[in-house]
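>>> can you look at this prediction? I've put the sequence above it.
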Amino acid sequence: MEFSNPILIWVCIGIFLMLTEIILPGGIVILIGAACLVVAGALAIGLVEGIVQSLTLWFIAAMVLLLVFRQITQKLVGGDAHIDNTDEELDIYDQLATVKQTIGPAQQMGRVEFQGCEWSALGDGSEIAAGSVVRIICRDNIALVVEPIKAEDEHCAEK
């Protein structure tokens, strides 16, 4: 058994890549390995000769297999395919927080509790007393910009 046989080398690489799909799931590596087996088959029947033709066929076969069968392997193999919001500003907008340290008047910073953590907070210029519930407008660096909520909004938030 000769290890310099190109057919054997392409088959071994193809099988190795297909087995690595177990470690690297996603459905791509198995298709690249299948392209290696296509090249091995083409070499066996004499359709291609030499390394340049083999690599060209491998590249073309890999692209065709990826374009045609990617959706199928993605369904079979699965993986993490959910999309989350990447803008943290949108996640905190219009959320409610509790004032821990009086905010204001003017640009005097205070502290609010939001999602179990204390944050520095800036108000709208008015004085917001400790214990009040505020609505988060945005984030300014590491401080939250908040506004006091009106009495009717507070009743809606409690329900």
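Sure, I can see it.

>>> chain neighbours aside, what residue packs nearest to residue 131?
residue 99 (6.3 Å; C-beta to C-beta, 6 or more residues apart in numbering). Heads up, the C-betas are built off the backbone N, CA and C, glycines and all.

>>> helices or strands next to the helix or strand hosting that neighbour in the packing?
Following DSSP states H and E, the helix or strand that holds residue 99 is strand 96-101. With contacts taken as 3 or more C-beta pairs under 8 Å, 6 or more residues apart in numbering; DSSP states H and E, strand 96-101 sits against strand 110-114, strand 117-122, strand 133-140, strand 143-148.

>>> output the below-cut-off pLDDT ranges for the protein.
For the chain, the stretches with pLDDT under 70 are 1-3, 77-89, 151-159.

>>> about what we covered before: how close does the residue nearest to residue 131 sit to residue 130?
As for residue 99, its distance to residue 130 is 5 Å (criterion: C-beta to C-beta, to the nearest Å).

>>> neighbour count: those two, which is higher?
Neighbours per residue (other C-beta atoms under 10 Å) separate residue 99 from residue 130, with residue 99 holding more: 21 against 13.

>>> correct me, but the more buried one touches residue 111?
Yes. At 7.5 Å, residue 99 counts as touching residue 111 under the criterion of C-beta atoms under 8 Å.

>>> picking that back up, touching both of residue 99 and residue 130, which residues are there?
Taking C-beta atoms under 8 Å, 6 or more residues apart in numbering as the contact rule, residue 99 and residue 130 both touch residue 110.

>>> give me the nearest residue to residue 149, chain neighbours excluded.
Per C-beta to C-beta, 6+ apart, closest to residue 149 is residue 135, 5.0 Å.

>>> I'd say the one you found and residue 98 touch.
No. Using C-beta under 8 Å, residue 135 is not in contact with residue 98, being 11.5 Å away.

>>> so for those two, which sits in the more crowded spot?
Remark: of residue 135 and residue 98, residue 135 carries more neighbours, 17 against 14, as counted by other C-beta under 10 Å.

>>> can you list the domains in the protein?
For the chain, the structural domains run 6-77, 88-158, going by automatic domain parsing.

>>> just list whatever residues bridge to the residue lying closest to residue 138 once chain neighbours are set aside.
Distance criterion C-beta to C-beta, 6+ apart; nearest residue to residue 138, sequence neighbours excluded, is residue 145 at 5.0 Å. Taking DSSP bridges, one finds residue 122, residue 138 as the beta-bridge partners of residue 145.
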